[in-house]
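Chemist: return a 3D structure for these sequence lines:
(chains A and B)
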Amino acid sequence: RFSLKPKCHREIVVNEVSFVRKCIGADSSHGDLWGKLICTNFKVSFITHDALPMQRFQVANRLLGEHDVPLACVEQVVTVNDAKGKQKVLCSNQKLKFNPTELILYCKDFRIIRFRFDEAGPQSAKKVCLAIAHYSQPADPQLLFGFEYVGKQYYGSLAINSIPTRVNGVDPGGGLQMPLFDRPSEWDREIKRTGAAEWRVCSINEGYVVSPSLPEYFVVPVSLADQDLKQYLCFFTAHRIPLWCWNHPNGSALVRMASISDPLQQRKLDQRICSAITKSHPQRSDVLKSDLDKNLPNIQDIQAAFVKVRQICVIEPFEESEEKWLSSMESSRWLEYVRAFLKHSAEVVYLLEGKHVSVILQEEEDRDLSCVVSSLVQLMLDPHFRSLTGFQSLVQKEWVMAGHRFLDRCNHLKKNDKEESPLFQLFLDCVWQIINQYPAAFEFTEMYLTVLSDSMWIPVFSTFLFNCPQQRTENSMDFAKSKCIPVGGEKALRFPPVWDWSQQFTPKDQALFNNPMYVGKGATCVQNGAVKSFRRTKKNYSSTLRGMPSSLRNILMDGHDSLTLTRRNSLVSRLKPDFSQIREVVESPTERFFRDWVSRPADLQGMLIPQLLPSHLALWRLYFLRWVPEASIPKGGPVTAYHKLSQLADEVEKLQSQLRQYKGATPASTKTSTPSAPPSDHSRMYFKAGSTHASSSTPEYLSSSFPFSPVGNMCRRSILGTPLSKFLNGAKIWLSTETLANEAL
Amino acid sequence: VRSFPVPLALFLSRSPSLSFTRAPSLPLSLSPDKDIIYICPFSGALKGKVFITNYRLYFKSADADPAVTLDVPLGAIGRVEKMGGASSRGENSYGLDITCKDMRNLRFALKQEGHSRRDIFDILFKYAFPLSHGLLLFAYLSQEKFEENGWSVYKPMEEFRRQGLPNDKWRVTFINANYELCDTYPTILVVPFKATEEDLRKVCTFRSRGRIPATGGGYEGDDAYQNAELVFLDIHNIHVMRESLKKLKDIVYPNVEESHWLSSLESTHWLEHIKLVISGAIQVADKISGGNSVVVHCSDGWDRTAQLTSLAMLMLDSHYRTLRGFQVLLEKEWIGFGHKFANRIGHGDKNHADQDRSPIFVQFIDCVWQMTKQFPTAFEFNERLLVTILDHLFSCRFGTFLFNCERELRSKTVSLWSLVNSDLSFYQNPFYTPESNRVLYPVASMRHLELWVTYYIRWNPRIRQQQQSPVEQRYIELLALRDEYLKKLEELQLSDSSPNSSHLSNSSTPNAASPTQHITHLHTPF
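Modeler: Next up, the predicted model:
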């Protein structure tokens, strides 16, 4: 009667138990659902034929059912026995001395899901709980479901050559049209796109021979020969020599690098690297170094902040946390860190754009903080990265290829909690803050960012499974060998990148990613009543940057001497305003630069600097509060405006395509005829223009949580009348002690 | 021309009749050799010229690029003081210190020779506080003309009729026609059907200032409050609110408190008060929509009562969420029922420490703003209307918010609604989707309440000054684009209708959003 749906290939049922009740409301059993709880090698599944009350899920994931939780998304497994007053946090390979009456799953995406076993077979219930605990903490990366998932395409396929391979970044399966930066040609194109004439693709790491954490191909100054680089390698932490990130049209480069491990070589090497970067600058501008470790919170700080913000948002009882909400948010320091990263990135933007110098982001290992800063800087300066594919290629370039340790930072193996840190989440929050301030500047929505974040916990995507490209290759080969999978001439198994969104969503649902307000390249808009088409030519992009306004030239001269490399690491401390002085109106050049920029109308196709005052940073409510029923605004929230915007944008698109058909058919305009209009059901918008007046009113199912729903996803439980939070003090949210016997009695 | 801090002209400039030159004025311009220095908290000391009329203070810097201007209605000035002695320097240099009611302070430094400070001080003091000097408020001098007369926005009988009053439970009484019963109540009242005129007179003798229970949104308790459920809403008094806003100003002007922003904001309690008012209004609205009648009262019935009744009415009655309906709501619940604007704001009065002053109305408008944030499509008006209302709460340019009760003569002044209704589209929320009968319950939680930065922090030049929210702006652009395309399509279809060209007749399948449908629909207004 109950069957697993959707069921992925190679998904195996490990254990299951029937007559389970899934709790829907927090305090009463009203509306609870009956069904079967299943643990597979991929997910925890709850199969029910009952419909959720007052609920209409709008977006279905192709890999997951309505009630499913991927094992990788399970943060903690808590079993409870009411009668005995016992509770235990289950870990892998543990024993459970009591029969659980209840199972609570705390999820990485902030959900809290509760199952009751009152009517279920006690032994089966126990087995399922143990299985969930065991399978959610795999001992080896190859036990992550992604390997089975990706292996499917090889099994039974003897003619390996018949599997088409990717050509020029186009994946035949997903129809992906974006660079993944795992081949030289894609770097070449990026060099051309940014006009970085004095930079070249370097392939000394082909086969990962010189550094395991670097990509096989990366970009270096033309003046540095492979021979030089090989010589410098050993002086850098983990052999991570400087990597080119991006070129400003004025010629300034953004570069990231690890620290120099040999202090004796420090000075000499610094000079060589800097002079090479200077040589690659058309104006031979200086190079400034920004020490990220010194100026930004470290990964443990960030993790601690995230744990606290989660505590405040979903663990603590709603009403009790109201009174001190603002100061609790402050003490979590999450927004402070978001601001710190935005601010630091904005200061780097000032150096590249306002001072025309190249910047090196330096971090001990160059695999964490620099991922955040380099991508934020590029988002602020280059409108290309604010398009959907541009953004995805940015994450691919600065995170995946640069070797961000997704496996460790996500803690997929739950091996080392000290390595866990939500850097990518922090980055997404920073991006959200910019979107929140410039809502028409990005092609994608906050729903896209949220879904992207959730995808970290679905362990099938190459994007989030590995610490670096080399690890992917190595693990692939090991796995293929052990399972006798014929991989042919391929370097690694073809894990789908998360960017292949068809793995998870229908094209219709993917339309939720599209921002109806987006004013992108080529987008039509109305200015002063006249319909205009934004078409940024290469010329006008560079000219705004090359033709330096006089005010900037002065700044350039003013602070010039003190901002050179001779004062290593002093950049950010100098730029950081000292508030004891600022009272008497001493404006730093950076502030002056920002203020000048703010006084002009914002060009969404140009540089974007977010407002950095703490009063202008906000909590990302969709992400943090989507599961909290008390915080949900029925038929309200920003999505109601999004709904209207989408409908209007859809109508405009339809009119546009009708006009195009006219023009295409007119003989006079054949020269300029545009490609045939897309069929009308291929609208980019999720909400379509309606026929009647009634359809333009806000649909009943919209809420501030849309497309998510708190129903059944947030069951904070009071243990024997005592708020759960009383038990749960300390940095880690949930106790890992054996039992809490009789604590509350 | 870039102006910062953003002058009031941002909104004022919409009305040509009060342009700087045409306003009735008593100009005082300092001769160029007597420089004045505006000590700008953001860009430092700025030399320039100051002009003072009987309506405003205007400053323009001479050498800053771009020029810095200030445009402050004298009505917004709460306090003017001389500061500094002959030897003082820097921030405390010899000059004037002006405290404004609209969340900013201004400092000017002057040369000591030539009595220029005394001259300016005297003029400012006299015209910023006309009532303390036997002069009229500016609203009486302004001769502005508008297309519409805002005083006719609210017609009590019409509004009663819209609500289905009178009926068998409620009747209209003219007992207060000459304000004999209660001088702070409107002339036309709706009272319980069974209450006789004699009853009303008796009740008045023991209610504070003769304020009998009357209907707001058509609700009222039993005469004797039998079986009444008493709910205390824990909303603090006017003095607490005044101090709270003062603390808020301290952390946002001139500089935003950076190091401990959220806990500083919490310690002002401003948002907490907002939350209590909104949740009080939700309780009132909830009781009413559940079929109960509610008596709302505070000590005098013109502060929290007005806040709660009007917010509850906004939640329950979609009519009040329209541009004109909102004006009616303010006329009825605030002006009609005698919120003491004159005392709470202290129009034209030099006594800045008056304990009667309190930002009750500002707080109410903030609550409305919070609701518009939670329901972006439910209100016909936009944020600009709310800011304009608050600007003219202080400006003394219109008679709307000048008085303590309806009785005081307003006919010699111009209504703010004359300005607003002569340019309605400027204040329209493009996302507005009329949904009559929809009850709107905001979430009164700190998780959703936010500081209204575009009002409270608008003087900071580090913040991008946007005339309009970018989301609204984009929507309007798209609307214009749609109209443009429709027009083109219509033209093409017309030229197509000749028998020769049949190539397009049915090539596209214009579905629901059929252009012809829209053309007819769209062209009606023209």
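
Chemist: which helix or strand lies directly C-terminal to the longest strand along chain B?
Modeler: When chain B is parsed with DSSP state E, its longest strand is strand B:44-52. Next along the chain after strand B:44-52, taking DSSP states H and E as the criterion, comes strand B:56-61.

Chemist: neighbouring strands for that next one, and are they parallel or not?
Modeler: Paired strands of strand B:56-61, with direction, are strand B:44-52 (antiparallel), strand B:69-73 (antiparallel) (DSSP bridges).

Chemist: just the C-alpha atoms of the longest strand of chain B, please, in PDB.
Modeler: Listed in PDB are the C-alpha atoms of strand B:44-52, where the atom choice follows Å, rounded to 0.1, in the frame of the first residue of the first chain:
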ATOM      1  CA  GLY B  44      32.200  69.100   8.600                       C
ATOM      2  CA  ALA B  45      31.900  72.900   8.600                       C
ATOM      3  CA  LEU B  46      30.400  74.300   5.400                       C
ATOM      4  CA  LYS B  47      30.300  78.000   4.600                       C
ATOM      5  CA  GLY B  48      27.200  79.200   3.000                       C
ATOM      6  CA  LYS B  49      24.100  81.400   3.100                       C
ATOM      7  CA  VAL B  50      21.000  81.100   5.100                       C
ATOM      8  CA  PHE B  51      17.600  82.400   4.100                       C
ATOM      9  CA  ILE B  52      14.700  82.500   6.500                       C
END
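
Chemist: now the residue lying closest to A:F42 once chain neighbours are set aside. Its backbone dihedrals?
Modeler: The shortest distance from A:F42 to any non-neighbouring residue, by CB to CB, 6 or more residues apart in numbering or on different chains, is to A:F145 (4.2 Å). No exception for glycine: its C-beta is placed from N, CA and C like everyone else's. Backbone geometry at A:F145, expressed as degrees, to the nearest 10, gives phi -60, psi -30.

Chemist: show me what contacts A:F145?
Modeler: The neighbourhood of A:F145, defined by CB atoms under 8 Å, 6 or more residues apart in numbering or on different chains, consists of A:8, A:11, A:41-42, A:70-72, A:459-460.

Chemist: for the residue nearest the centre of chain B, give its distance to B:A128.
Modeler: Closest to where the C-alpha atoms of chain B average out (CA atoms, centre = their mean) is B:I389, at 2.4 Å. As defined by CB to CB, to the nearest Å, B:I389 lies at a distance of 21 Å from B:A128.

Chemist: please apply the same query to B:C182.
Modeler: Distance of B:C182 to B:A128, given as CB to CB: 33 Å.

Chemist: who's more crowded, the two?
Modeler: For the pair B:C182 and B:A128, the greater number of neighbours falls to B:A128 (27 against 21), based on other CB atoms under 10 Å in any protein chain shown.

Chemist: rank the strands paired with strand B:56-61 by pLDDT, which is bottom?
Modeler: If you rank the strands paired with strand B:56-61 by mean pLDDT, strand B:44-52 sits at the bottom with a mean of 89.

Chemist: A:F181 in helix, strand or coil?
Modeler: With DSSP: H, G, I helix; E, B strand; the rest coil as the basis, A:F181 sits in coil.

Chemist: quick one, what contacts it?
Modeler: By CB under 8 Å, 6+ apart, the residues touching A:F181 are A:187, A:190, A:215, A:217, A:393, A:396-397, A:400-401.

Chemist: likewise B:F375?
Modeler: Shown in contact with B:F375 (CB under 8 Å, 6+ apart): A:633, A:635-636, A:640, B:440, B:442.

Chemist: quick one: B:P434 is in a strand?
Modeler: No. Applying three-state DSSP, one finds B:P434 to be coil, outside a strand.

Chemist: who's in contact with it?
Modeler: Shown in contact with B:P434 (CB under 8 Å, 6+ apart): B:318, B:322, B:380.

Chemist: let me know the pLDDT of it.
Modeler: We have a pLDDT of 92 for B:P434.

Chemist: OK, contacts around the residue of the stretch 101-250 of chain B at minimum distance from chain A?
Modeler: Nearest to chain A, among the residues of the stretch 101-250 of chain B, is B:L248, at 10.8 Å (CB to the nearest CB). Shown in contact with B:L248 (CB under 8 Å, 6+ apart): B:265, B:268, B:270, B:456.
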